[in-house]
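Undergrad: next one to model:
(4 chains)
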Number of protein chains: 4
Amino acid sequence: MTTAEMTVFESMESNVRGYCRDWPTLFDTASGAWLRDSQGRDYLDFFAGAGALNYGHNNPVLKAALIDYIARDGITHGLDMSTAAKRDLLQAIDRVLLTPRGLDYKVQFPGPTGANAVEAALKLARKVTGRTTVLNFTNAFHGMTLGALAVTGNAAKRAGAGVPLSHVNSMPFDGYLDDADELSWMERALDDGSSGVDKPAAVIVETVQGEGGVNVARPQWLRRLAELCSARDILLIVDDVQMGCGRTGPFFSFEVAGITPDIVTLSKSIGGYGLPMALVLMRPELDQWTPGEHNGTFRGNNPAFVTATAALEHFWSDGTLAESTAAKGDRIQRSFTELVDEYPGLSTRGRGLVQGLVFEEASEAGKVCHIAFEQGLLVETSGADDEVVKLLPPLTITDDELDHGLGVLTRSVAAVRGGH
Amino acid sequence: MTTAEMTVFESMESNVRGYCRDWPTLFDTASGAWLRDSQGRDYLDFFAGAGALNYGHNNPVLKAALIDYIARDGITHGLDMSTAAKRDLLQAIDRVLLTPRGLDYKVQFPGPTGANAVEAALKLARKVTGRTTVLNFTNAFHGMTLGALAVTGNAAKRAGAGVPLSHVNSMPFDGYLDDADELSWMERALDDGSSGVDKPAAVIVETVQGEGGVNVARPQWLRRLAELCSARDILLIVDDVQMGCGRTGPFFSFEVAGITPDIVTLSKSIGGYGLPMALVLMRPELDQWTPGEHNGTFRGNNPAFVTATAALEHFWSDGTLAESTAAKGDRIQRSFTELVDEYPGLSTRGRGLVQGLVFEEASEAGKVCHIAFEQGLLVETSGADDEVVKLLPPLTITDDELDHGLGVLTRSVAAVRGGH
Amino acid sequence: MTTAEMTVFESMESNVRGYCRDWPTLFDTASGAWLRDSQGRDYLDFFAGAGALNYGHNNPVLKAALIDYIARDGITHGLDMSTAAKRDLLQAIDRVLLTPRGLDYKVQFPGPTGANAVEAALKLARKVTGRTTVLNFTNAFHGMTLGALAVTGNAAKRAGAGVPLSHVNSMPFDGYLDDADELSWMERALDDGSSGVDKPAAVIVETVQGEGGVNVARPQWLRRLAELCSARDILLIVDDVQMGCGRTGPFFSFEVAGITPDIVTLSKSIGGYGLPMALVLMRPELDQWTPGEHNGTFRGNNPAFVTATAALEHFWSDGTLAESTAAKGDRIQRSFTELVDEYPGLSTRGRGLVQGLVFEEASEAGKVCHIAFEQGLLVETSGADDEVVKLLPPLTITDDELDHGLGVLTRSVAAVRGGH
Amino acid sequence: MTTAEMTVFESMESNVRGYCRDWPTLFDTASGAWLRDSQGRDYLDFFAGAGALNYGHNNPVLKAALIDYIARDGITHGLDMSTAAKRDLLQAIDRVLLTPRGLDYKVQFPGPTGANAVEAALKLARKVTGRTTVLNFTNAFHGMTLGALAVTGNAAKRAGAGVPLSHVNSMPFDGYLDDADELSWMERALDDGSSGVDKPAAVIVETVQGEGGVNVARPQWLRRLAELCSARDILLIVDDVQMGCGRTGPFFSFEVAGITPDIVTLSKSIGGYGLPMALVLMRPELDQWTPGEHNGTFRGNNPAFVTATAALEHFWSDGTLAESTAAKGDRIQRSFTELVDEYPGLSTRGRGLVQGLVFEEASEAGKVCHIAFEQGLLVETSGADDEVVKLLPPLTITDDELDHGLGVLTRSVAAVRGGH
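TA: Here you go, the predicted model:
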């Protein structure tokens, strides 16, 4: 980016901007796992729009469907009117996602962001149960609007609310405590009428906490959590905004545990092409909304419905993508294990194509990402102290591309650690 | 819509769906002021995506820019990375919107919905002032997420929150009270240290309340409100999500009053083509965000930046659109005045191309809309009791189209009232 | 007070202490309308324990009953056990207060403070109605605990909460607005489903706001308020902590308006002798408490029950006290009218033996009280800006004592105004 | 109690009354450890006004001082004026309590209830730190007003609030979890910037939870809690309303742990004679109250100051009472151990003269108390399920009286268990 090009962002755009500071160039075009900047330089993408680009940038199958739809003047903005594009999507959801998995969910189209889906889920859970408290988990990330922010863990982001965040209670996530069973506190608190923890409407959980530092809940922990909820008439909300759409392998991240949440939120990659869209899935008996009780101007972003339908049909009609995601996750794990073996103070965790390289010395993670960027690789940190290098490559990345990026990463670690 | 086509929506889509109940057909394509359903029937649009389609459906100028951008693999999903599309938009905002009006605002890209822009504005106002209370107005509508819902007036929507909505205080809007100056209560409450109304961080106001029933604030009322705020170090937020982008004539709806809000929210038509996008404008000294303090996955919906830029340049480089909007508003007013003169119990109010026909007997408004739909016109009610037929046609509607729609409306009123 | 005597308060007692700063002497004994300090100096009391000493200090009739009870080892601390002292009190309440007035109330013994009675009333109103919001009034004072503080108007006291005060909405009290009917805003807000004011559980009101500046609600205003509540299934709570027990003339301050509140709080003078005690009266059908749902260690302060019973029987078996209170109030009014006539910028308001002399120049009120203290008269300011000299003499004060105190006050005003 | 005597309570007193249901007689007089009812029947008191009568009923030393004060017309109701009685009390606090223990506290006189002292402590902690959250513990009991209720554990009592209880977070008390260190969760939550637990203003704790079921915090747990707070600039509030004034042996219950809380609340027995009174002690640098910022009509209950002073001087000038309390606690423990050894499903816990006999089968505890009452012993249950027979005898009870009561209790257990 030239100085002149940078000026407009610095002078006009709010200080709230973030990623442009870590990756100081002017991006212009993108394709698959690659972005190109205005100078013609290419960058391999290990971030994938924070998980919104599971099928890569501008996937040609989806692109063709999108251009065709626009060209023929398909409805662009449809509120919650019935449209042909929405009909096709609903049918694809039924055929590709729900029926094969034996799932019975009603589908809500909230405003087209993950935060809006979370807000809708929380509102519904409170309305249906008549209770106000929601239990969330340490290191959770669910969004920046007031309801979603209240169930988000990060103290700096919470402070941005400007008001106390109420009606929630944070509980330790799987693996959070060194010496204790994390669910024993929740279980005791729920069962003791004098615990001071009000009986909640719902528990909201991510199966893998991406923003929180690639914290992976074990299947048995998720199962126990689900049982704990269902036995007490507490709704279980799985926020699959980042981990759904195949990020961990199967389409829904909770499939690994064999559980069926009461409510599921989806966004990010559900639109397929990176276009804004979100869904709330809910057990039919929970669908106690009155018409228009939760609305939003952009809840009918029909071009996204078109690319969502194409993505479901193209990628999820069989198990190929889930299998390759698992295989690529293993590939990353092998590379990370070598790093962990070589460098003390490193560890690794992840599932499918969300993988974290964890640095005991937190500042090293950021340095690694910085060097990687200079080598043409986009990768970001996460975790409470930004101590985790988090890999979220497109699921469609090739093995060669993956190896290339892992090579850059390996050399970046070496540079930081002074090895090689 | 055939029975089979309806089945998928009824069986799969949440009960929260609304407009599809009033307009029970399957929409497929659209162009300008017209939508076409799957049976090939055309509908004239006096709703314009609740104000998100000020330039009509699939405007060819914007469409060309959009297809071109997609075809050349322009970045689709950019988070808050610097992109060529965003650079172009920022420059257009500066050149077309800010500089000509002598406005000095920093630009924030929040999540791509009006509610998210409102949430960001409220968070910022509370953070900057260190106060928690926000004053809002009767009949206000600002969105469905928890922070935005708290400043929304409608009791049914508020009840959907499932938790008490706090840190706000509703004040009477211009014209709300029969026998009193509406601002005198606010002024007294703010100046009296024993009023029980905590000093607010901000006041949030719509200059015309669309959802609330086409309630029009007089310029002198807005000026007094602005002075009342600035004299007391209270921030004034104008929520221009629905009334901005030329809906009332000038680009910003507050221009009519000659005031400069501290914070402005934009969404709906800012993307031009009906694509999800939102902006927060703030006085530079208020830009106290830290990087990433308010974020969101879809805050970089670059295709919308492309159509937004094209719309600004095409429609706002001169005063033509503002003038024609005023003229068309007069055209509607003339038609409405005839109705008011003919039928007792009707009245009318509005500004520019947001115009309301108000029925003393509230149920008649819905009946008029129902009959209009059967005659191929999409128009909706608003107001606390759905007592207002609200006209929000595209600003680009032709006079002939407008006359056609007004004719349908006149006949619909006659049918309800048993006249003619 | 000698320097040594002052030292212990300054070095050991919290900075929160207040009255001792205005009246810097060491009080020791008291009788009737007089206090005596450790130097043997006498002070006439126009404050009466902020309304807790309506029958004067250490009234001999009550004193005899109290000493007798203690001497014979009557139960001192009885929680909510049934005791002979409580039985006698309940019977006196029925015989002296309720039956003659045709009132049917259940009696709750909350913790022995006005704030606790208010907290109990608010909890009950919310529990019974299932709603959370309570409407209060500008300049209201209901106590310092979190629930009571939320319905209190004073900004400085509210700020002491350290948390935002929620679930309340302040409305303009009678006479608060210059140019409008104060109840029209409340009425419109309650009847409009889009007002943003959530339907309240209750309205809490003082008939005369003592701390708030001797603001007197007109009987017709109170009646309209009561009708407004009952027509909408909203509970009316009259906080008679300061204005009850005959302060305004009749035992209950609301008798002047002929209304019957749903819930009444009493404290201050209900114990008769200045001993801590409080009551909540509620319509029988509202008594939906479960056993122990609101409790408190000192809710059975039996010595106060004894003096309360004696006070009811001695002072309220006929109308003598109410009549003499009215007459004494007139006596004050005549004196105040002379002051108002003589000095510009003064006005007066009050009812019975709560009377306020209001200074346009607020600081003069404090100066008057300061000079009065030096002349041996205890009198305090109230109001948002401490602009009101508030008279709350014992109801049992003699005419001579009253005249003496009014003489001191007249001379104090003259000294401040430089007259005479 | 005759039927006629009961009628007045049933017909007139609110359903909220509690103890009178368990102990259905009409109490009249009391002395030492004994109450007498209107039929002349005597009851041994193992409840002591829920801890408000540590020195027994109507202790003759205090009684003499009280009658003398009343007889000589000492100030009864003094707000926060300086009085001779308050001076004497402050000096006694300094001489008897603070100086010998090396404590440096400022003394606040809040409203005369434990709940009011807790409200004041919470307000001060939030004000001083500028933070809103307070951490409390499972099974905590701190009072029934809105702020105090929020930090109370019992679900039924919390539900009585009628509003969600916010700005608090409940943590597991010592011994609450079977398999984990209870403080590890709190420590991790405080140290992790992404825990979702907002940094608190304060932690409020009882060293022994009386209402919560006689849960005893170990000294080392209290020390670790104190260190955890001080290292993080979090205020430690010890609520010593029930456990202070020698209930556990030493005057302050926290002395056993060698810690110095930042804020201490006292009430119940601080007045000595069962008269309403409360204190807040705070480190001098925390005394950031402005004058009158927390007030209350009965904060100057001077008769209680007189008995409080007499009690401090009479009982706490040496270590006799603390020693005898320990010895009597051992006496109860020996008796309880015999019961535990004889009957399966019983256990015991306590410290000093707060001792609990815990029943695995919760309903048996209530039956034991019922039978004991019939045998002339007043004793109550506590705990989340009322599973604990809680002994709170006066500290001044004689060994013979104690043995008598323990005998009744032993026979009551036997009767319930069918033994002997």
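Undergrad: can you list the low-confidence ranges for chain A?
TA: Along chain A, the parts satisfying pLDDT under 70 run over A:1-5, A:419-420.
Undergrad: kindly report the domain assignment for it.
TA: Domain assignment for chain A by automatic domain parsing gives A:3-59+A:319-418, A:74-315.
Undergrad: of those domains, which approaches chain B most closely?
TA: domain A:74-315 (2.5 Å; Cβ to the nearest Cβ). All C-beta atoms are positioned from the backbone trio N, CA, C, and that covers glycine.
Undergrad: quick one: end-to-end length of the closest one, please.
TA: Counting by Cα to Cα, to the nearest Å, you get 23 Å between the two ends of domain A:74-315.
Undergrad: run the chain-centre distance for that domain.
TA: 10 Å (Cα atoms, centre = their mean, to the nearest Å).
Undergrad: what about that domain and chain C, any contact?
TA: Yes - counting by Cβ under 8 Å from any Cβ of the partner chain, chain C has neighbours in domain A:74-315: A:163-164.
Undergrad: turn the domains of chain A into CSV, columns for distance to chain D and mean neighbour count.
TA: As requested, those are exported to CSV (distance: least, Cβ to the nearest Cβ, whole Å; neighbours: other Cβ atoms under 10 Å in any protein chain shown):
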stretch, distance to chain D, mean neighbour count
domain A:3-59+A:319-418, 3, 20
domain A:74-315, 3, 23
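Undergrad: so for residue C:319, which of those domains sits nearest?
TA: domain A:74-315 (50.2 Å; Cβ to Cβ).
Undergrad: ok, back up a step: distance to chain B added to the domains of chain A, as JSON lines?
TA: As requested, the domains of chain A are exported to JSON lines (distance: least, Cβ to the nearest Cβ, whole Å):
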{"stretch": "domain A:3-59+A:319-418", "distance to chain B": "4"}
{"stretch": "domain A:74-315", "distance to chain B": "2"}
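Undergrad: quick one: which of those domains is nearest residue D:144?
TA: Comparing these by Cβ to Cβ, domain A:74-315 comes nearest, at 14.5 Å.
Undergrad: quick one: furthest residue from the center of chain A?
TA: residue A:194 (36.0 Å; Cα atoms, centre = their mean).
Undergrad: spatially nearest residue to that one, not counting backbone neighbours?
TA: Closest residue to residue A:194 apart from its sequence neighbours, by Cβ to Cβ, 6 or more residues apart in numbering or on different chains: residue D:384 at 3.5 Å.
Undergrad: wait, the one you found touches residue A:196, no?
TA: No - Residue D:384 is not in contact with residue A:196 according to Cβ atoms under 8 Å; the separation is 10.6 Å.
Undergrad: between those two, which contacts overlap?
TA: Shared contacts of residue D:384 and residue A:196, defined by Cβ atoms under 8 Å, 6 or more residues apart in numbering or on different chains, comprise D:139, D:153.
Undergrad: quick one on the thing from earlier: mind listing what the residue nearest to residue A:194 touches?
TA: Neighbour list for residue D:384: A:192-195, D:139, D:153-154, D:212-213 [criterion: Cβ under 8 Å, 6+ apart].
Undergrad: now intersect these with the strands, please.
TA: Residues of the contacts of residue D:384 located in strands (DSSP state E): none.
Undergrad: ok, of these, which one's closest to residue A:113?
TA: Distances from residue A:113 to the contacts of residue D:384, taken by Cβ to Cβ, are shortest for residue A:195, at 34.4 Å.
Undergrad: which residues does that closest one contact?
TA: A:188-189, D:138-139, D:153, D:155, D:170, D:384.
Undergrad: quick one: name whatever helix or strand follows the biggest helix by length in chain A.
TA: When chain A is parsed with DSSP state H, its longest helix is helix A:320-342. Remark: after helix A:320-342, the chain's next helix or strand is strand A:346-351, criterion DSSP states H and E.
Undergrad: may I have that following strand exported as CSV, CA atoms only?
TA: Provided in CSV are the C-alpha atoms of strand A:346-351 (Å, rounded to 0.1, in the frame of the first residue of the first chain):
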residue,chain,number,x,y,z
LEU,A,346,5.2,-24.9,22.6
SER,A,347,2.0,-27.0,22.6
THR,A,348,-0.7,-27.6,20.2
ARG,A,349,-4.4,-28.3,20.1
GLY,A,350,-7.3,-28.3,17.6
ARG,A,351,-9.8,-30.3,15.7
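Undergrad: can you pull out the helices in the stretch 301-420 of chain A?
TA: With helices called from DSSP state H, counting those that start in this stretch, the stretch 301-420 of chain A shows them at A:302-316, A:320-342, A:363-374, A:399-417.
Undergrad: also the stretch 51-200 of chain A?
TA: For the stretch 51-200 of chain A, the helices defined by DSSP H, counting those that start in this stretch occupy A:60-71, A:84-92, A:99-101, A:114-129, A:146-150, A:155-159, A:182-191.
Undergrad: of the contacts of residue A:195, which pair is most distant in space?
TA: A:188 and D:155 (13.6 Å).
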